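*Asks:* fold the following and give me the result.
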Amino acid sequence: MKHCLASTWLTALLVCVLGISARADNWPRWRGPDDNGISKEKNLPTEWSESKNVAWKVKLPGMGSGTPAVWGDHIFLDCDDGKDLTFLCLNTKGEELWQKKVGTSGGKKYHGDSNDASPSPSTDGKLVFCLFGSGDLACFDFDGKEIWKFNLQDRYGKMQYQWGGIHATPLLYGDRLYLQLLNRNGAKVIALDKANGAEVWKIDRESDGHGECKEVYASPLIGHNGKDDYLIVHGNDYATGHRLKDGSEIWRVGDLNDKNKYRGDYRFVCSPTATPDVVVVPSCKQGPLVAIKPDATGLVAPGGGAELWRYKKTPDVCCPLVVDGLVYLCGDGTLTCLDAKTGKEYYADQRTHPHIHRASPVYADGKIYLTAQDGTVTVVKAGPKFEVLAANKLPDKVNATPVIADGRIYIRGFDSLYAIGK
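*Replies:* Below is the predicted model of the structure:
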């Protein structure tokens with residue numbers, strides 16, 4: 001009897017352990033489960049083409065730059081066909097489950113590069129949230145039932161961006177949806193109740209920036225100071241940390257746009273990256289990159305105790321990737337690697353694929369994936385020594401950051417969604 005019980009217990013334990021080890025990561029929002037572009041997935045493909053390692057390809061009803069959200073066997077993404085703004089749900093076989101019209105398109109902008117399907121959806125596994133450049137914000141359940149919907153510009157006033165509409169992705173964290181609406185007509189940071197879209201709090205985010213600096217395309221994220229989680233907001237010459245309970249400011253990083261030689265065209269696109277040890281704050285247009293302590297308070301300035309180091313230049317669009325003590329900076333066809341603690345340069349401006357890069361780099365299984373706008377993904381070996389493992393081309397225009405989930409890499413193009421893997 002004892003042997004039988006022990007055998008049963010051991011079997012149950014093995015099932016539990018194997019179930020945990022086999023469970024795949026979801027990709028619930030723009031930069032993955034921890035807002036950092038890192039996946040724990042293993043055995044991902046290094047090489048692919050139209051005829052190799054593509055599980056399926058699905059034609060989309062419209063263009064888009066937003067990264068899909070993946071939870072279990074559900075894939076969610078925004079689409080802009082030039083007339084309608086559509087929220088689409090597929091399964092992981094590439095089959096359409098449902099689609100819903102959420103708003104009306106403002107049309108292509110900036111040589112066809114900018115579109116109203118630029119923010120990325122987010123999900124908690126029960127509800128899914130989508131925002132379009134028009135300001136249309138909606139919540140659905142996994143069956144496509146609308147839970148709530150409203151337009152941000154109707155509620156908070158007309159917003160003005162030179163390069164299209166709203167691009168910042170809302171941040172889903174806990175029971176709230178956080179938004180940063182920084183534009184020429186104002187600067188608001190808002191927390192909404194995810195259950196009904198009701199406002200929890202709203203603050204005016206102060207800045208002395210002017211000109212194009214007021215137009216912000218970066219997205220908020222969560223930081224951790226060892227005790228509390230907090231919200232990081234980036235744009236209009238500053239990065240700021242805010243308490244989740246009421247939006248009050250904890251810290252502020254300045255000197256990103258030198259007041260002595262001020263540039264009025266410093267619009268921030270690239271978002272910071274936060275780890276338990278460092279917050280890496282970019283600027284734009286070859287301005288400085290700043291690393292600060294996560295437990296900073298007050299004004300963070302050069303030479304102060306909260307600032308760890310500064311680097312001479314920043315990516316303009318692609319977010320920093322911080323993994324295993326290294327910071328990777330992806331430019332338009334270049335990659336730089338720094339030490340996360342000191343800012344020491346391991347290599348700089350190593351050539352990858354010579355083309356525009358709009359997608360942020362992602363990491364999995366010792367590899368970094370760099371996605372160019374012409375559909376070429378350069379795979380680089382992670383580490384302080386630069387080494388290209390492969391370059392893979394798909395026939396599509398790609399602005400969206402890749403998704404890594406359940407053993408696959410999902411690449412969202414303007415024309416199609418590609419599932420890379422078995």
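
*Asks:* for residue 45, what are its contacts?
*Replies:* Contacts of residue 45 were listed using CB atoms under 8 Å, 6 or more residues apart in numbering, and they are 53, 409, 420, 421. Every C-beta, even on glycine, is put in place using the N, C-alpha and C of the backbone.

*Asks:* closest to residue 170 among those?
*Replies:* Nearest to residue 170 among the contacts of residue 45: residue 409, at 24.3 Å, using CB to CB.

*Asks:* for the residue nearest to the closest one when sequence neighbours are not counted, list each beta-bridge partner.
*Replies:* Spatial nearest neighbour of residue 409, chain neighbours left out: residue 420 (4.1 Å); criterion: CB to CB, 6 or more residues apart in numbering. Bridge pairing for residue 420 (DSSP bridges) gives the partners residue 54, residue 409.

*Asks:* state the pLDDT value of residue 420.
*Replies:* Per-residue pLDDT puts residue 420 at 98.

*Asks:* now it: how far from residue 396?
*Replies:* 12 Å (CB to CB, to the nearest Å).

*Asks:* same question for residue 242.
*Replies:* Noted for residue 242: a distance of 38 Å to residue 396, by CB to CB.

*Asks:* so which of these two has more stuff around it?
*Replies:* Taking other CB atoms under 10 Å, residue 242 and residue 396 do not tie; residue 242 has more neighbours (24 against 18).

*Asks:* which non-adjacent residue is nearest the more buried one?
*Replies:* Using CB to CB, 6+ apart, the nearest residue to residue 242 is residue 231, at 4.4 Å.

*Asks:* confidence score at the one you found?
*Replies:* Residue 231 is given a pLDDT of 98.

*Asks:* now do the helix or strand harbouring residue 85: distance to the chain's middle.
*Replies:* Residue 85 is part of strand 84-91, with elements assigned from DSSP states H and E. In this view, strand 84-91 has its centroid 19 Å away from the chain centroid, taken as CA atoms, centre = their mean, to the nearest Å.

*Asks:* again with stretch 41-57
*Replies:* 22 Å.

*Asks:* got the buried residues for it?
*Replies:* 41, 44, 45, 48, 53, 54, 55, 56, 57 (16 or more other CB atoms under 10 Å).

*Asks:* am I right that the last one is in contact with residue 415?
*Replies:* Yep, that's residue 57 we're talking about. No: with contact taken as CB atoms under 8 Å, residue 57 and residue 415 are classed as non-touching, separated by 9.3 Å.

*Asks:* what ranges does the stretch 301-422 of the chain have for its strands?
*Replies:* Secondary structure of the stretch 301-422 of the chain by DSSP state E, counting those that start in this stretch: the strands cover 307-311, 321-323, 326-330, 334-339, 345-351, 362-364, 367-371, 376-381, 388-393, 403-405, 408-412, 416-420.

*Asks:* redo those as CSV? Include distance to residue 262.
*Replies:* Listed next are the strands of the stretch 301-422 of the chain as CSV, based on distance: least, CB to CB, whole Å:
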stretch, distance to residue 262
strand 307-311, 18
strand 321-323, 29
strand 326-330, 24
strand 334-339, 26
strand 345-351, 27
strand 362-364, 34
strand 367-371, 32
strand 376-381, 35
strand 388-393, 39
strand 403-405, 38
strand 408-412, 37
strand 416-420, 42
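
*Asks:* residue 25: which of those strands is closest?
*Replies:* Taking CB to CB, strand 403-405 is the member of the strands of the stretch 301-422 of the chain nearest to residue 25, at 6.1 Å.

*Asks:* other SSEs contacting that closest one?
*Replies:* Packing partners of strand 403-405 (3 or more CB pairs under 8 Å, 6 or more residues apart in numbering; DSSP states H and E): strand 69-71, strand 408-412.

*Asks:* need the winner for burial among those strands.
*Replies:* Comparing the helices and strands packed on strand 403-405 by mean neighbour count (mean count of other CB atoms under 10 Å), strand 408-412 ranks first with a mean of 26.

*Asks:* what average pLDDT does that strand get?
*Replies:* Confidence for strand 408-412, expressed as mean pLDDT, is 98.

*Asks:* now do that strand: which elements does it pack against?
*Replies:* Packed next to strand 408-412, using 3+ CB pairs under 8 Å, 6+ apart, are strand 403-405, strand 416-420.

*Asks:* can you tell me which two in the contacts of residue 45 are farthest apart?
*Replies:* Pairwise across the contacts of residue 45, and taking CB to CB, the largest span is found between 53 and 409, at 9.1 Å.

*Asks:* give me the common contacts of the two.
*Replies:* Contacts common to residue 53 and residue 409, judged by CB under 8 Å, 6+ apart, are 45, 420, 421.
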